[in-house]
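quick one: sequence plus predicted model below, questions after.
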Amino acid sequence: MTVDVLSRIKGAKPSEAVNKLFDVIKHAQIINNNSFNHNLNNPVSINDLREDIVVSSSEIEKDIIKENFPKEKDGYLVVAKVIEE
């Protein structure tokens, strides 16, 4: 598959960095390590969350995002509701 198909970004071009990343993934060794401490009732601690920071984007970046976003309503990008139990 091509990069633009995988990323769903129109006009995306492959790069050496992306190709190297895929090579690392393809050749990665899988280690089955069950020594992690998982709390299934609360998998993420509030202390582990990052601060929400607004980052400015150029008009070109904004146009690319809007062009590739599936839905827009009243000037806002619409994100599908995801509810998991």
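Structure received. No experiment lies behind these values; they were computed from the predicted model shown. Numbering: from 1, shown residues only.

tell me how far the strand or helix carrying Ile60 is from the chain's mean position?
Assigned by DSSP states H and E, Ile60 belongs to helix 59-68. Offset of helix 59-68 from its chain centre (Cα atoms, centre = their mean, to the nearest Å): 16 Å.

name the surrounding residues that touch the helix or strand following it.
Following helix 59-68 in sequence order, the next helix or strand is strand 72-73 (DSSP H and E). For strand 72-73, contacts defined as Cβ atoms under 8 Å, 6 or more residues apart in numbering pick out Lys66, Val78. Where you see a C-beta, it was placed from the backbone N, CA and C, and this is true even at glycine.

where's Asn47 relative to Tyr76, distance?
Using Cβ to Cβ, to the nearest Å, one obtains 31 Å as the distance from Asn47 to Tyr76.

okay, these two: which has more neighbours?
Tyr76 (8 against 5; other Cβ atoms under 10 Å).
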